[in-house]
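Student: Predicted model and sequence follow; I will ask about them next.
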Amino acid sequence: MINFNYASEPVLIASGKTRLTGILDIPPRPCGIVLCPHDRGFHRLSPRSDYLADALRRAGLATLLLDLLGLDENKGDKHRSDIALLSARLAAAMDWLAAEPETRTLALGLLGTGNDAAAALQLAASRPERIAAVVVRSGRPDLAGAETLARVRAPTLLIVGEEDRSGIEFNRSALARLSCEKDLAVIRGGTHLGEQQHTLHEVARLAARWFKGYFGGDAHPASAPLI
């Protein structure tokens, strides 16, 4: 039985001249850690983010919820659309985790949403030896670029709601360009941001199963419904 008590602490991670704020949560004997970036300022404190992170922790995974924007960058879209910048900040967080005694030996996964999904895939393509698995939720993986997607080696699960028609096309396009182990899950009744309770529950279930399957846990990779 998993002990649901865990250590939680705020962290600051330097990335160039910017300091990124995050929350690191480590359950007892985690089988890996998931870096959950958000490119919308204080979005890491939203109930949706908290729900998904808590579900991952209950599955035995450590989490780092991280704002990819500095406190002075929360307004406007300039930094939010800079995929290369977001990817560099993800790399800084990854290196920080690799240097911390509590997390340096843990398998690492990335959970991306929106533009930060593309940033996560760019990082996975450039540092294939460091990323064990990737999950994209309601994201724009296509923005990573066709050449980058072809270089991703980490097993990648794309999750999208069935009512998000444009999102389905974006994710289909990215899926076709990925040459790694991959899958596309379409959640029945899910919308663009997947705010419904049943949608969040299914996203959490699929993500936890995917990560644990490739982190060396006792679960098998998700068998997601293809469209």
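Tutor: Sure, I can see it. Residues are numbered from 1 along each chain as shown.
Student: Work out which residue lies at the spatial centre of this structure.
Tutor: Taking CA atoms, centre = their mean as the criterion, Leu111 is the residue nearest the geometric centre of the chain, at 0.8 Å.
Student: ok but that one is inside a strand, no?
Tutor: Yes - counting by DSSP: H, G, I helix; E, B strand; the rest coil, Leu111 is part of a strand.
Student: now the residue nearest to Ser8 when sequence neighbours are not counted: how far from Glu202?
Tutor: Leaving aside its sequence neighbours, Ser8 sits nearest to Asp25 (CB to CB, 6 or more residues apart in numbering; 4.7 Å). Just so you know, the C-beta spots here come from the backbone N, C-alpha and C atoms, and that holds for glycine as well. Using CB to CB, to the nearest Å, Asp25 is found at 22 Å from Glu202.
Student: Tell me the confidence at Arg40?
Tutor: Per-residue confidence (pLDDT) for Arg40: 50.
Student: ignore the last one, Leu69
Tutor: pLDDT, read off for Leu69, is 87.
Student: That one: neighbour count?
Tutor: Residues contacting Leu69 under the criterion other CB atoms under 10 Å number 24.
Student: before we move on, what SS does it have?
Tutor: Counting by three-state DSSP, the backbone at Leu69 sits in coil.
Student: Tell me the spacing between it and Ile13.
Tutor: Leu69 sits 13 Å away from Ile13, going by CB to CB.
Student: joint contacts of the two?
Tutor: Leu20 (CB atoms under 8 Å, 6 or more residues apart in numbering).
Student: Now name the helix or strand holding the residue nearest to Ser8.
Tutor: Using DSSP states H and E, Asp25 sits within strand 18-26.
Student: State the next helix or strand along the chain beyond that strand.
Tutor: Moving toward the C-terminus from strand 18-26, the next helix or strand (DSSP H and E) is strand 33-38.
Student: Okay, angle between that next one and strand 18-26 too, please.
Tutor: Following axes from the mean of the first three to the mean of the last three CA atoms, to 10 degrees, one obtains 140 degrees for the angle between strand 33-38 and strand 18-26.
Student: And the next helix or strand past strand 33-38?
Tutor: Strand 33-38 is succeeded, C-terminally, by helix 47-58 (DSSP H and E).
Student: Longest helix in the chain, please.
Tutor: The longest helix of the chain (DSSP state H) is helix 197-215.
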